[in-house]
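Trainee: missing the sequence, but the structure's below:
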């Protein structure tokens, strides 16, 4: 039997090394937890925003189809308004997603408002009775494309 005598220096070195290894392992575990939470929040943000945008797109499609059906039936152009912008989740950290995607997503509400203004102007001053329908169709496509980008961002496409 090989008996090794540990000196106080060896014991202190072993204790410090064990403490450092334990601390490094604890930090690694914490980093993994933070990364998982961040990834989970990004997925929630992207999916919930995509669902809101798809609901908006469905509303646009319904309005467009109703307008076209009314025209086909009565040969009269009705009037519609651009739907209200979709309600995006307020409890999210928007800085977690790509800046370009964040810009498009957070600017979408302004795009909807601008479409309403443009459609009202064309209808009132230029007599374009289909201006609201055209704007709704464009917004429907933009909302669908943005929802698709959000889903692709988290690997759901």
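Mentor: Good, I have the coordinates. Computed from a predicted model, the values in this text were never measured in an experiment.
Trainee: Can you report how many residues lie near residue 132?
Mentor: Other residues lying near residue 132 total 25 when counted by other C-beta atoms under 10 Å. Every C-beta, even on glycine, is put in place using the N, C-alpha and C of the backbone.
Trainee: ok, now which ones touch it?
Mentor: Listed by C-beta atoms under 8 Å, 6 or more residues apart in numbering, the contact set of residue 132 reads 67, 79-82, 119-120, 123.
Trainee: can I get those in JSON lines with distance to residue 59?
Mentor: Putting the contacts of residue 132 into JSON lines (distance: C-beta to C-beta, whole Å) gives the following:
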{"residue": "67", "distance to residue 59": "13"}
{"residue": "79", "distance to residue 59": "16"}
{"residue": "80", "distance to residue 59": "11"}
{"residue": "81", "distance to residue 59": "11"}
{"residue": "82", "distance to residue 59": "10"}
{"residue": "119", "distance to residue 59": "15"}
{"residue": "120", "distance to residue 59": "18"}
{"residue": "123", "distance to residue 59": "20"}
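Trainee: So of those residues, which two are at opposite extremes in space?
Mentor: 67 and 120 (15.4 Å; C-beta to C-beta).
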